[in-house]
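**Student:** 3D, please:
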Amino acid sequence: MTTKEVLEIAMRQSAEDNGCRAEDFVSDKNVVFPFKLGKNARKYYMEPITCNLISYGSNVVAAVSDEVVELVKEYTDKFEFYHCFETPNMHWLNERLEKLGHRVCFMAEYFLPNVEKMPELDCPYETRILGPEDFKDLYLPQWSNAICSARKERDVLGVGAYDNDKLVGLAGCSADCDDMWQIGVDVLPEYRRNGIASALTNKLAKEILARGKVPFYCCAWSNIRSARNAIRSGLLPAWVEMTAKPVDIVNDMNA
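**Tutor:** Residues are numbered from 1 along each chain as shown. Okay, here's the model as predicted:
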């Protein structure tokens, strides 16, 4: 699988997630269309979604509910596409969404492997490939980014770092859709800053590719440590998303 093929798979999946065409992401014009959650969408996409703005670096592709079609068209026409994902312009959108009972909820950056230039990273500790059968006793707070007790059935593969028999770092991936597996990683606080996270992320990404799947990695723009880990591991920024939801859902998350 090449880097180009990885990107094409990601775009096809984003199209499935939102109800557009993969080629919309490489247009030189912004695209606004009705949001439609595909039957093979990533599992973490949860309705209702007021609007979802996506950019792979060429434009804004916006999946929207009927209520906000004209508003989002005005927004994407008003500002350069890359400014649509940042303040102060985002306030223009959010203030108008709030009048309709909605609010910006999620903002994230996604990374994909630079397949032809994946580095060889050494871990200072022994590493072991893990499967679902190895996770059953690991659903603990210290490993909550790598694996998730709320959706154990999606945790399909992992790489652990061991100091003797003590697990000190864990990268895990969830099968969030048919072709793409999402990576998360945790390292015990006393073992951080030793290159463990990047070595585990790198090794897991390669294991995922070897199984014919596309690894992807997500973090908040403000999580510099996580973004640096992705880049050290051989992953590069690929796309961004900003999602708005009804106000009551956002308020429940902040309660």
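**Student:** which parts of the stretch 51-200 of the chain are strands?
**Tutor:** 51-55, 61-64, 102-113, 126-130, 155-163, 166-175, 180-187 (DSSP state E, counting those that start in this stretch).
**Student:** where does residue 202 sit: helix, strand or coil?
**Tutor:** helix (DSSP: H, G, I helix; E, B strand; the rest coil).
**Student:** roughly how far apart are it and residue 41?
**Tutor:** Applying C-beta to C-beta, to the nearest Å, the value for residue 202 to residue 41 is 28 Å. In this view, the C-beta of every residue, glycine as well, is placed from N, C-alpha and C.
**Student:** what's the answer for residue 218, then?
**Tutor:** Taking C-beta to C-beta, one finds residue 218 at 15 Å from residue 41.
**Student:** number of residues surrounding residue 106?
**Tutor:** Residues lying near residue 106 (other C-beta atoms under 10 Å) number 15.
**Student:** contacts only, for it.
**Tutor:** Residue 106 makes contacts with 241, 242, 243, 245, as judged by C-beta atoms under 8 Å, 6 or more residues apart in numbering.
**Student:** for the first one, phi and psi?
**Tutor:** The phi and psi values for residue 241, taken as degrees, to the nearest 10, are phi -140, psi 150.
**Student:** that one contacts residue 56, doesn't it?
**Tutor:** No - look at residue 241 against residue 56 with C-beta atoms under 8 Å: they stay out of range, at 10.3 Å.
**Student:** and the pLDDT for residue 207?
**Tutor:** Residue 207 carries a pLDDT value of 98.
**Student:** what is the neighbour count of it?
**Tutor:** Using other C-beta under 10 Å: residue 207 sits among 18 other residues.
**Student:** quick one: residues contacting it.
**Tutor:** 129, 157, 159.
**Student:** would you say it is within a helix?
**Tutor:** Yes - counting by three-state DSSP, residue 207 falls inside a helix.
**Student:** which strand residues bridge the residue nearest the centre of the chain?
**Tutor:** Residue closest to the mean C-alpha point of the chain, counted by C-alpha atoms, centre = their mean, is residue 218 at 3.3 Å. Counting by DSSP bridges, residue 218 forms beta bridges with residue 110.
**Student:** do I have it right that residue 64 meets residue 70?
**Tutor:** No - taking contacts as C-beta under 8 Å, residue 64 lies outside contact range of residue 70: 9.4 Å.
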